[in-house]
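**Q** Below are the sequence and a predicted model for it; my questions follow.
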Amino acid sequence: MAMTLVVMAAGRGSRFGGMKQVAGIGPAGEALFDYAVYDGMRSGFDDVVFVVSEESRGPVEAHVQGGCGRHVEVRYALQQAPGRAKPWGTGHALLCATSEVSGAFGVVNADDFYGGDSFGLLGQELAGGTDDHVLVGFGLRESLSPNGGVSRGVVRHADGVLTEITELHDIVEVDGVVKNRQGVELTGDELISANLWGFQPSFAKVLSAEFDRFQFERGDDPDAEFLIGDAVAALPHHGDAKVRVVPTPEKFLGMTYAEDVAAVSGRITELVDAGRYPSPLWG
């Protein structure tokens, strides 16, 4: 079964202070999405679709042409929001990519690092022969930044099946206590969604129907966003498919702030030194 990796690279990186999709993090200037594509190829994904904005398209295409684009088939999907100051959100970004996807597909953020074992789990589960979708979950505490609060989707599941994702904001650990803006009690051992998803082809219709619903109900709100999790939450209205939650042993590495770069880059260098990745990654 053919599988496509969708890389969401249309973000603005406002808190980061620049276009972090193409920030040179690896020893040879690799962006984090280079490692996602590399791990995806090793885990059974056949081609890649980058979701870009008008702003990010040029830098992303230039980086891809000099690296992963020489080793894997790449296509682009443009996310636009005419007359609107901010994008429509991750759900709309993924919807924009579905016209370029013919089979099952994985989804990643361009500016996050997930680790090879995470992609191995994703590819294995997505090709498992069921109609179910997949969410690879990461440990909350290990995903936090020492440089400020972050937003995370805290996952709840029953017998390995997703029941709810709660979006929490300004999550920080202070003196061993994990706090958040909403005041939800957390241990730090919870699983989070870092947008490492695997979807069967049927999810494209769910995205389309739910975005239409979103626009009807909230389209006039300039701050409203249609998230992947919103479409996932509506799955019970669209059939019997479920989302299996698969924990990964890998540590999630994100770059919310410019100050996060040094730690993420250092971890990548450690993995290269340990033989997990070649350098340069694309030869």
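**A** Looks like it came in fine.
**Q** mind listing the helices in this structure by residue range?
**A** With DSSP state H as the criterion, the chain has helices at 32-42, 54-65, 90-97, 116-126, 203-218, 228-233, 261-273.
**Q** tell me the angle the longest one makes with helix 90-97.
**A** Pointing back at helix 203-218 there. Between the axes of helix 203-218 and helix 90-97, defined by axes from the mean of the first three to the mean of the last three Cα atoms, to 10 degrees, the angle is 130 degrees.
**Q** buried stuff in helix 203-218?
**A** Buried positions in helix 203-218, judged by neighbour count with 16 or more other Cβ atoms under 10 Å: Phe203, Ala204, Val206, Leu207, Glu210, Phe211, Arg213, Phe214. Placement of C-beta: from N, CA and C, glycine included.
**Q** Show me where this structure dips below the pLDDT cut-off.
**A** 12-18 (pLDDT under 70).
**Q** which stretch among the helices of the chain comes nearest Gly149?
**A** Across the helices of the chain, Gly149 has its closest neighbour in helix 261-273 (16.3 Å, Cβ to Cβ).
**Q** Give the other helices and strands that that closest one contacts.
**A** With contacts taken as 3 or more Cβ pairs under 8 Å, 6 or more residues apart in numbering; DSSP states H and E, helix 261-273 sits against strand 112-113, strand 253-254.
**Q** Glu250 is in contact with Val112, correct?
**A** Just so we're on the same page, residue 112 is Asp rather than Val. No: using Cβ atoms under 8 Å as the test, Asp112 is too far from Glu250 to be in contact (11.3 Å).
**Q** can you put the helices of the chain in a markdown table and add distance to Tyr76?
**A** Formatted as a markdown table, these follow (distance: least, Cβ to Cβ, whole Å):
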| stretch | distance to Tyr76 |
| --- | --- |
| helix 32-42 | 13 |
| helix 54-65 | 7 |
| helix 90-97 | 9 |
| helix 116-126 | 21 |
| helix 203-218 | 18 |
| helix 228-233 | 19 |
| helix 261-273 | 25 |
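**Q** closest one to Leu135 among the ones you listed?
**A** Going by Cβ to Cβ, the one of those nearest Leu135 is helix 228-233, 8.0 Å.
**Q** Just say which of the helices and strands packed on helix 261-273 is most tucked in.
**A** Comparing the helices and strands packed on helix 261-273 by mean neighbour count (mean count of other Cβ atoms under 10 Å), strand 112-113 comes out on top with a mean of 24.
**Q** contact partners of that one?
**A** For strand 112-113, the surrounding residues in contact (Cβ atoms under 8 Å, 6 or more residues apart in numbering) are 25, 32, 35-36, 194-195, 252-255, 264, 267-268.
**Q** just to revisit the earlier point, and of the helices of the chain, who's closest to Gly11?
**A** Here helix 54-65 is closest among those (Cβ to Cβ), at 7.5 Å.
**Q** which residues sit against the closest one?
**A** 9-12, 19, 21-22, 31, 50, 52, 74, 76, 78, 80, 110.
**Q** Also stretch 254-264?
**A** Contacts of stretch 254-264 (Cβ under 8 Å, 6+ apart): 15-18, 20, 23, 25, 32, 109, 111-113, 143, 145-148, 150, 194, 253.
**Q** Weed out the non-buried ones from these.
**A** The buried subset of the contacts of stretch 254-264 - by 16+ other Cβ under 10 Å - is 16, 20, 23, 25, 32, 109, 111-113, 143, 145, 147, 150, 194, 253.
**Q** Of the residues you listed, which is the nearest to Val246?
**A** Taking those together and measuring to Val246 by Cβ to Cβ, the closest member is Ala194, at 12.6 Å.
**Q** before we move on, back to that, nearest to Arg181, of the contacts of strand 112-113?
**A** Checking the contacts of strand 112-113 one by one against Arg181 (Cβ to Cβ), the nearest turns out to be Gly254, at 17.7 Å.
**Q** Report the separation between the residue at the greatest distance from the centre of the chain and Gly44.
**A** Seen from the C-alpha centroid of the chain, the residue lying at the greatest distance (Cα atoms, centre = their mean) is Asp175, 29.1 Å away. Going from Asp175 to Gly44 by Cβ to Cβ, to the nearest Å gives 43 Å.
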